[in-house]
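Trainee: give me the fold of what follows.
(2 chains)
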There are 2 protein chains.
Amino acid sequence: MQVLRVNTETGLIHYEAVPEHWQRLGGRALVARFLLDEVPPTCEPLGPNNKLIWAPGLLVGHMLSSLDRISVGGKSPLTGGVKEANAGGTTGLKMIWLGLHSLIVEGGPAADGRWQILRVGLDGASLEDAGDLAGLGLKETAMQLLNRYGPKIGISAIGPAGERLYRTAGITHIDKDRNLTRISARGGLGAVMGCKRLKAIVFDNPKPHRPPLADKTLFRDASARYLQGLREHPQTSEIYTLYGTAAMVNFCNSQGGMPTRNFSAGSFEDAEAIGGEAIKELNTERGGEIAHACMPGCIIRCSNLYAGPDGETLVTPLEYETIGLMGSNLGLNDPDVIAKMNDIANDMGMDTIDTGAALGVAAEAGLMAFGDGSRALELMEEVRQDTPLGRIIGNGAGLAGKILGVIRVPVVKNQALSAYDPRAIKGTGVTFATSPQGADHTCGLTIRAQVDHTDPAGQAKLSQGVQYSMAGYDSLGACIFSGSGLGADEAIVSDLINGRYGWGVGPDYLQHLGRETILMEREFNRRAGFTNADDRLPEWMTGEAIAPTHTVFDVPDADLDAMFRPES
Amino acid sequence: MQVLRVNTETGLIHYEAVPEHWQRLGGRALVARFLLDEVPPTCEPLGPNNKLIWAPGLLVGHMLSSLDRISVGGKSPLTGGVKEANAGGTTGLKMIWLGLHSLIVEGGPAADGRWQILRVGLDGASLEDAGDLAGLGLKETAMQLLNRYGPKIGISAIGPAGERLYRTAGITHIDKDRNLTRISARGGLGAVMGCKRLKAIVFDNPKPHRPPLADKTLFRDASARYLQGLREHPQTSEIYTLYGTAAMVNFCNSQGGMPTRNFSAGSFEDAEAIGGEAIKELNTERGGEIAHACMPGCIIRCSNLYAGPDGETLVTPLEYETIGLMGSNLGLNDPDVIAKMNDIANDMGMDTIDTGAALGVAAEAGLMAFGDGSRALELMEEVRQDTPLGRIIGNGAGLAGKILGVIRVPVVKNQALSAYDPRAIKGTGVTFATSPQGADHTCGLTIRAQVDHTDPAGQAKLSQGVQYSMAGYDSLGACIFSGSGLGADEAIVSDLINGRYGWGVGPDYLQHLGRETILMEREFNRRAGFTNADDRLPEWMTGEAIAPTHTVFDVPDADLDAMFRPES
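Mentor: Next comes the predicted model:
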């Protein structure tokens, strides 16, 4: 395995040996180490001193269900801190099959300002002129790249959002069925790629090449237990398969945690219309695909191809967070409207969470009426057209709030909250407040824990454990839904790692890896200027009670500040 | 003397005794103490927990030339840290004549959201309905308030910029000739007043009432030496009187420090056309007023009433910083265009520095060609009309850069640099980087020091001394130009203070007061989450050399970080 290092400014391309202290790191853990090692913490995130890394998780390569995710990382232009954004699709697999431990992109744009494509094949890597790809949406980008390089390539690319340096811009990966829609969404890494004028990376058709195993028996046995765990748990064998992540709508709504009308309420009267069952029914009726896998080998298949009234795919995937932020958060109850907005965001290559939250802020500012779907689509058109208002929305909820003079802005570290109101689901609120990544449910969702989610006591401890686990998962390349498999017995993770690498790790490996990762991330943030003052929910959430729970966020600051002290 | 405390939300009004530890504080020093005592450092600056204070300087009240300035303070919605913004005009005098040590405005808006006016007279204070004043520009606001309350009132008011919560919004004070144009400009305090829905404070016609003197002879003798110092120094007796602050144009341009085309160069080929002599000549020819005082008794009279081609006043005052940021920084060489832009900004009640810097960023983004005056005026119309683009500009250069995807943004702590390029005038660069206020020339301008301004050595020490002095001046209520008088002999400041108050302070009083003030400000910022990482110029200024000096900003970070350590 090697590290591929590419300088977009000088054109220099190197294959390097993996540094010794990187060899046991992958995914999110590697991102954190890389940032500490190579990126000046106070650098301008959209300047030439920031770098990007593509880091497959440690278990990537075997097409074992839900374990082939890719992490992309850099200094975030949205938060100003550490950023790791992982996604499904085939990028992780293709990189491992190309023998790449990781891929680093550094430098500014080429001197003549041209847009470039990085092609990586078994025969080496080269920077090629992007020609007329610049400015194209991701659908058209995918089509042209597939034409140019053949149908079996992997792709990581940015859409117009990344080219325009929107701070909601992600980096989008192609899935196993050539949909260029699996997005490393959060924190604006697409803008970092855009400032280097790199439109796309093409992983030129490596053949499947499973990495060697240190102990085949151990690995295969653990794999079997893992898959059995996934199959036996109703969440991963049934609920997510049938309803996708939209299954969360009714559950979260019933807990009073569904963001509604810019987080002014925690339940939405029309939640059912945009919930998992309604969407499944509609999609089935129209001939859409309900249980779609984004990665080869995935047996959960939580993704969907959502069909419009004409039976054609309107968007893929239509997911819970998008439904929350672009649906209930805007008072919208029509899945087709949400799907259309989602499709525009996907084609632009931008985070639906921060975009939806920005639209909620725009509604609060009077720029649309909550519930007005046509106006919401008009606003998405403003984004597509790159008007000043479109740029305000495209730069996320935090900046939109500042520009539009709105105080009820749902962000932490300038990154929008995902679709769980922290006043009703307080452990997740702790995660939003304290994660070095900024507000993000994938850093530690607590809604399924059997606790009183409105009781502030014990939420910091709960969040801490889940944050360590998730940072571990993100370092393995494991999907957030793999838990019912990886957790089926306490040795599965260590057996998989030991089976693959022979490192002899113990059963505390996952939490340990997660903890080390978060401590590295916090160290980068500290050097970048973050303090405890950044580990806070918005002030208004501590004072403004939310219906129907009538609770505020009241986990004490002292609990938040104690979480990641070295001794904790 | 009393503290007047007004809650805009509850309508409660109290006159309180001055707390003992506030009694020897005024102006900027009092602002810093007040923030530490009363404002939660991490509060939302535009929320109900932020407060504003009006704090006349310690020497205010005697109409002694250039010593009657008013400080307004609060947590800045632009920087997120401490903010003191002082101005001339008559507010300080009227407050002292009303027996007010200080005035605190706290709480959110009234429950029904109505706009209010605070009237303060010798008979007490009351909150009154602002009626149809909301939405009006400051010219019309002044006219209506003068009609309603009589021609001799003092006024502090916000324009539409403050009402709309623009982060460039200031709080504007009326001058001795009823021009409502003396602005506490920087840091967005007008938006803090706006979020409380307080349109104006009217100081209802107190008669001049010079505060008592502890030692009349000492005070009068020191006053005489002070005035003599002002009269003997060519800067204050001649240059600023004849040419106003615009005298700085040719000087700064000759040093290579004149911001040109969004700080991409340090000298402007048409500097002469917008310099002090050209403006004086044009203004004389048209019948404008050259030597105008903003405060009664001022003998420097650096201000002007700039006449347009028709002989009518186009704007007052037309000042150096505005010429720098709205002129050369935009490549504009027509004083009338700059004056028109300035007039719009004045009427909106916004900071010309941050607005001009935002326009420079907009030009960099391709929204206007440098040098295109009609387009610049169009952009100011966008601001006046409150369009999305107008709001982007009206929220200052830092946010504009983020929204428009521009990296060459001249801000520190999100506040725009004044008109001195830090790469050519490095001591002032140190001030910009390290002042707790964010980039601001009034916190410590070094351009007149007899040093090589491009040599990084010694600049931190130079800036430190000037920063202490200026923080002291700002606490006395002393204009930045009073130095030639206050510094005429080393005992003038202490004699004035001892003559007035009988405190028995020594000749180190000014530097000591300034240092204590800055340490308090830094403590507030620390609690608000600031670190050394915030005490930096933009990264690009350390890498991108500027013509004609061909220098970058290279004062070592270690010099910056050592400046305000407790032992330094």
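
Trainee: which bits of the stretch 251-400 of chain A sit near chain B?
Mentor: Along the stretch 251-400 of chain A, the residues adjacent to chain B under the rule C-beta under 8 Å from any C-beta of the partner chain are A:Thr387, A:Pro388, A:Leu389, A:Arg391, A:Ile392, A:Asn395, A:Leu399. Any C-beta I mention is one placed from the backbone N, CA and C, and that applies to glycine too.

Trainee: now name the helix or strand holding the third one.
Mentor: In the assignment (DSSP states H and E), A:Leu389 maps to helix A:388-394.

Trainee: and what of the last one?
Mentor: Take DSSP H and E as the rule and A:Leu399 turns out to sit in helix A:397-404.

Trainee: which helices and strands does that helix pack with?
Mentor: If contacts are counted by 3 or more C-beta pairs under 8 Å, 6 or more residues apart in numbering or on different chains; DSSP states H and E, helix A:397-404 sits against helix A:352-364, helix A:388-394, strand A:411-412, strand A:415-416, helix B:388-394, helix B:397-404.

Trainee: and the ones you listed: which comes nearest B:Pro507?
Mentor: Distance to B:Pro507, taken as C-beta to C-beta, is lowest for helix B:397-404 among the helices and strands packed on helix A:397-404, at 39.9 Å.

Trainee: state the mean pLDDT of the closest one.
Mentor: Here helix B:397-404 scores 98 as its mean pLDDT.

Trainee: next: stretch A:377-384.
Mentor: Mean per-residue pLDDT for stretch A:377-384: 98.

Trainee: now do stretch A:197-205
Mentor: Per-residue pLDDT over stretch A:197-205 has a mean of 97.

Trainee: CA atoms only for it, dumped as CSV, please.
Mentor: What follows is stretch A:197-205, C-alpha atoms only, in CSV (Å, rounded to 0.1, in the frame of the first residue of the first chain):
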residue,chain,number,x,y,z
ARG,A,197,-9.6,23.7,-9.2
LEU,A,198,-9.8,20.0,-9.1
LYS,A,199,-13.1,19.0,-10.6
ALA,A,200,-12.9,15.2,-10.2
ILE,A,201,-10.8,12.2,-9.4
VAL,A,202,-11.2,9.2,-11.6
PHE,A,203,-10.2,5.8,-10.2
ASP,A,204,-9.6,4.1,-13.4
ASN,A,205,-11.2,0.7,-13.3
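
Trainee: from chain B, how far off is the nearest residue to A:Thr10 once chain neighbours are set aside?
Mentor: Among residues not flanking A:Thr10 along the chain, A:Gly107 sits closest, at 6.1 Å (C-beta to C-beta, 6 or more residues apart in numbering or on different chains). Distance of A:Gly107 to chain B, computed by C-beta to the nearest C-beta, to the nearest Å: 13 Å.

Trainee: can you check A:Thr260 too?
Mentor: Spatial separation of A:Thr260 from chain B under the definition C-beta to the nearest C-beta is 22 Å.

Trainee: same check, this time on A:Asp421
Mentor: Spatial separation of A:Asp421 from chain B under the definition C-beta to the nearest C-beta is 18 Å.

Trainee: try A:Leu133
Mentor: The gap separating A:Leu133 from chain B is 19 Å, by C-beta to the nearest C-beta.

Trainee: and for A:Leu198?
Mentor: With distances taken as C-beta to the nearest C-beta, A:Leu198 is found 16 Å from chain B.

Trainee: also A:Ala424?
Mentor: Using C-beta to the nearest C-beta, one gets 21 Å for the distance from A:Ala424 to chain B.

Trainee: assign a three-state SS to that residue, would you?
Mentor: When states are read from DSSP: H, G, I helix; E, B strand; the rest coil, the local structure at A:Ala424 comes out as coil.

Trainee: which residue sits farthest out from the middle of chain A?
Mentor: Checked against the mean C-alpha position of chain A, the extreme residue using C-alpha atoms, centre = their mean is A:Thr217, at a distance of 33.1 Å.

Trainee: so what's that residue closest to, chain neighbours aside?
Mentor: Leaving out its chain neighbours, A:Thr217 is closest to A:Gly499 (C-beta to C-beta, 6+ apart), at 7.6 Å.

Trainee: list the contacts for that neighbour?
Mentor: A:Leu213, A:Ala214, A:Asp215, A:Lys216, A:Thr217, A:Leu218, A:Phe219, A:Arg220, A:Asp221, A:Ala222 (C-beta atoms under 8 Å, 6 or more residues apart in numbering or on different chains).

Trainee: which strand or helix spans the fifth one?
Mentor: It stands for A:Thr217. With elements taken from DSSP H and E, the one containing A:Thr217 is helix A:216-232.

Trainee: can you check A:Leu127 too?
Mentor: A:Leu127 is part of strand A:124-129, with elements assigned from DSSP H and E.

Trainee: residues contacting the following helix or strand past that strand, please?
Mentor: Sequence order places helix A:138-149 as the next helix or strand after strand A:124-129, per DSSP H and E. Helix A:138-149 is touched from outside by A:117, A:119, A:133, A:136, A:153, A:155, A:157, A:159, A:172, A:174, A:178-181, A:199-200, A:202, A:204-205, A:346-349, with contacts defined as C-beta under 8 Å, 6+ apart.

Trainee: how much space between whichever residue of the stretch 151-300 of chain A sits closest to chain B and A:Ser475?
Mentor: Per C-beta to the nearest C-beta, A:Leu165 is where the stretch 151-300 of chain A lies closest to chain B, at 3.4 Å. Here the distance between A:Leu165 and A:Ser475 works out to 29 Å (C-beta to C-beta, to the nearest Å).

Trainee: who has more neighbours, the two?
Mentor: Set side by side, A:Leu165 and A:Ser475 show unequal neighbour counts under other C-beta atoms under 10 Å in any protein chain shown, the larger going to A:Ser475 at 29 against 26.

Trainee: from what I see, that one and A:His512 are in contact.
Mentor: No: taking C-beta atoms under 8 Å as the contact criterion, A:Ser475 and A:His512 are not neighbours in contact, 10.7 Å apart.

Trainee: close to chain B: what parts of the stretch 451-568 of chain A are there?
Mentor: Along the stretch 451-568 of chain A, the residues adjacent to chain B under the rule C-beta under 8 Å from any C-beta are A:Arg527, A:Ala528, A:Gly529, A:Phe530, A:Thr531, A:Asn532, A:Ala533, A:Asp534, A:Arg536, A:Pro538, A:Glu539, A:Trp540.

Trainee: could you rerun that using 7 Å?
Mentor: Near chain B, the residues belonging to the stretch 451-568 of chain A are A:Ala528, A:Gly529, A:Thr531, A:Ala533, A:Asp534, A:Arg536, A:Glu539, A:Trp540 when assessed by C-beta under 7 Å from any C-beta of the partner chain.

Trainee: out of those, which are inside strands?
Mentor: Residues of those located in strands (DSSP state E): none.

Trainee: from those residues, which is closest to B:Glu16?
Mentor: For those, the closest approach to B:Glu16 (C-beta to C-beta) belongs to A:Glu539, at 26.5 Å.
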